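Enquirer: below is the sequence, then the predicted model.
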Number of protein chains: 2
Amino acid sequence: MIGRDAVLDDCAVLPVGDEYLVATTDMLHESTDFPGGMTGREIGWMGAAVTLSDIAAMGARPSLILLAVGLDSPSRLEGILVGARDCCRAYGAALAGGDLDAHGELTLVSSGIGFTKRPVRRSGARAGDLVGVVGVPGRAQAALEGYSVFREYLVTPRPRVAEGLALAAAGVSSMMDVSDGLLASLEDMRCASGLGYAIESGKIPLPQGAPPDTALRFALEGGGDFGLLFTAPPGTALPGLPELSVIGRVVETPLILVDGRPAEGTGYQHHWD
Amino acid sequence: MIGRDAVLDDCAVLPVGDEYLVATTDMLHESTDFPGGMTGREIGWMGAAVTLSDIAAMGARPSLILLAVGLDSPSRLEGILVGARDCCRAYGAALAGGDLDAHGELTLVSSGIGFTKRPVRRSGARAGDLVGVVGVPGRAQAALEGYSVFREYLVTPRPRVAEGLALAAAGVSSMMDVSDGLLASLEDMRCASGLGYAIESGKIPLPQGAPPDTALRFALEGGGDFGLLFTAPPGTALPGLPELSVIGRVVETPLILVDGRPAEGTGYQHHWD
């Protein structure tokens, strides 16, 4: 929304030497982004994870994260820093600095840098490409609606760094993360590519334990998951990743189709009152 | 406060190819950082400028800025983006992306990247080095206290990008910006180097128009200025920059001395209630 790259990709891209630097920033607020009951460590983890996920979605290796914290209470700082550091370490990034302020509502902004030989963008698909996901979309939403077995997917989401690197190496044609929800992410891809995306509900992996219609709603409309959405030319040798599913095809008609019908709603969005 | 680099330098530093990348993030809130009456454009300008100033203080050329905005009212966005873009353009950086959220209090977090062959840190001084400033510290504080002739220094501060590059090229031994105030910045340098800084009040350039004691207080304790504080080995051929003043010497005894007496207070700080 702010610059061309902010609309079209998870990260801004800058050529540096014989590689590309990717950079991104994400703002999280307690009232809108941290479900009740999260510990400081979980909040810090999530703050780093959202940015690492954006870097992963470019097919890049994360390098460093900076964390700005607007703190409502000084006692929360330590847990937040431990969580952010743990998440960075788990995915090969350094928590390299930040800024700290007192603030009425807990606010985290993480900014991150990664590097890649070949940034994978949201555009790049061609009609006929496969559409795939890594992960089971809807688990975070299921947790929000009471399926506590999925709580870890909501509060300590796993950025798909290794998976993003493997998909980039395999030659996927476009990629993004699905943290705003599967339909919303497909819509973002549609805006970037000008193409359509026809998915089959029966091929979407669903959170287990909910009634089928509810589980499909979680998967299509629920946000907060850190899976990857990608397209790949037919015949691409996709890597043997856990939780990788091919769910549809890229089509010429610029619509999001679920079982042949135009999708209604595009999932999670911030709204102005 | 978050990582070693956050304490010791204005930016985190990362070797990239035959150069160094510097990266920094700054969080600003309306109630604590934006004086009353600032326009949206001025707020956006300041958001970018604080980060460009940190990059300048490393002797680096700014490359890109990302801006996360927590907006209390959607009508403020356009002015903020115009101001941030104008500031980035004025100093050779691209406003390359960002994030947008609704928030109770206007909050800006700008993150930035720059590059340099030789990052200049807060440490690096040796006893006997000159201590210098670029700019007239205290003008922003003077504006805050009613000297409206200095308002532009408060609301559209000028990051000293060209000056930072020139000082780095001249071989200064350490550098930082003085946005937290001159004494506070000297204290930060002292913590980084373990050395002392003896300055002479008669050599500090002062905002004109205030009584001398008041002007000296503005200069020593006032924050919000975007000048540079640096040290340089004796005999360094300093560049002929406007508003460059040599104000003292680096000494072995690890104290901040003003006219030979230990300084009291270290200027602007955030406090927890």
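Expert: That came through fine. Everything quoted here is computed from the prediction, not taken from an experiment.
Enquirer: what about the helices in chain A?
Expert: Taking DSSP state H to define them, one finds helices in chain A at A:4-8, A:30-33, A:40-57, A:77-90, A:139-144, A:151-155, A:161-170, A:182-193, A:212-221.
Enquirer: any idea which of those helices is most buried?
Expert: Compared across the helices of chain A, helix A:40-57 shows the largest average neighbour count, a mean of 28 (mean count of other Cβ atoms under 10 Å in any protein chain shown). In this view, the C-beta of every residue, glycine as well, is placed from N, C-alpha and C.
Enquirer: so what secondary structure elements neighbour that one?
Expert: strand A:19-29, strand A:61-71, helix A:77-90, strand A:107-116, helix A:151-155, helix A:161-170, strand A:174-177 (3 or more Cβ pairs under 8 Å, 6 or more residues apart in numbering or on different chains; DSSP states H and E).
Enquirer: the inter-axis angle of the third one versus strand A:107-116?
Expert: What that stands for is helix A:77-90. Between helix A:77-90 and strand A:107-116, the angle comes out at 20 degrees (axes from the mean of the first three to the mean of the last three Cα atoms, to 10 degrees).
Enquirer: check whether helix A:77-90 contacts chain B.
Expert: Yes: Helix A:77-90 lies within reach of chain B by Cβ under 8 Å from any Cβ of the partner chain, at A:Leu81.
Enquirer: how about the helices of chain A, which one is nearest A:Arg126?
Expert: Set against A:Arg126 and scored by Cβ to Cβ, these come closest in helix A:182-193, at 8.6 Å.
Enquirer: need the CA coordinates for that closest one. PDB is fine.
Expert: C-alpha atoms of helix A:182-193 as PDB (Å, rounded to 0.1, in the frame of the first residue of the first chain):
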ATOM      1  CA  LEU A 182      -5.700 -18.400   1.800                       C
ATOM      2  CA  LEU A 183      -8.400 -16.600  -0.200                       C
ATOM      3  CA  ALA A 184      -6.900 -13.200   0.700                       C
ATOM      4  CA  SER A 185      -3.500 -14.400  -0.400                       C
ATOM      5  CA  LEU A 186      -4.800 -15.700  -3.700                       C
ATOM      6  CA  GLU A 187      -6.500 -12.300  -4.200                       C
ATOM      7  CA  ASP A 188      -3.100 -10.600  -3.600                       C
ATOM      8  CA  MET A 189      -1.500 -13.000  -6.100                       C
ATOM      9  CA  ARG A 190      -4.300 -12.200  -8.600                       C
ATOM     10  CA  CYS A 191      -3.700  -8.500  -8.300                       C
ATOM     11  CA  ALA A 192       0.100  -9.000  -8.800                       C
ATOM     12  CA  SER A 193      -0.200 -11.400 -11.800                       C
END
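Enquirer: can you tell me what sits against that helix?
Expert: A:7-9, A:121-125, A:131, A:133, A:137-138, A:174, A:176-180, A:196-197, A:199, A:204, A:219-221, A:223, A:229, A:231, A:250, A:254-256, A:258, A:263, A:265-269 (Cβ atoms under 8 Å, 6 or more residues apart in numbering or on different chains).
Enquirer: what's the ChimeraX syntax to select whichever of those residues are buried?
Expert: Per 16 or more other Cβ atoms under 10 Å in any protein chain shown, the buried members of the contacts of helix A:182-193 correspond to this ChimeraX selection:
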select /A:8,9,121,122,123,124,125,131,133,137,138,174,176,177,178,179,180,196,197,199,204,219,220,221,223,229,231,250,255,256,258,263,266,267,268
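Enquirer: flag every residue of the stretch 101-250 of chain A that's near chain B.
Expert: A:101-105, A:107, A:109, A:111, A:113, A:115.
Enquirer: again, only this time at 10 Å
Expert: A:101-105, A:107-113, A:115 (Cβ under 10 Å from any Cβ of the partner chain).
Enquirer: now those residues in a markdown table, with pLDDT and neighbour count?
Expert: Output for these, formatted as a markdown table (pLDDT from 0 to 100; neighbours: other Cβ atoms under 10 Å in any protein chain shown):
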| residue | pLDDT | neighbour count |
| --- | --- | --- |
| A:Asp101 | 90 | 18 |
| A:Ala102 | 90 | 17 |
| A:His103 | 90 | 22 |
| A:Gly104 | 89 | 14 |
| A:Glu105 | 92 | 16 |
| A:Thr107 | 96 | 29 |
| A:Leu108 | 97 | 29 |
| A:Val109 | 97 | 32 |
| A:Ser110 | 97 | 33 |
| A:Ser111 | 97 | 29 |
| A:Gly112 | 97 | 31 |
| A:Ile113 | 97 | 29 |
| A:Phe115 | 97 | 20 |
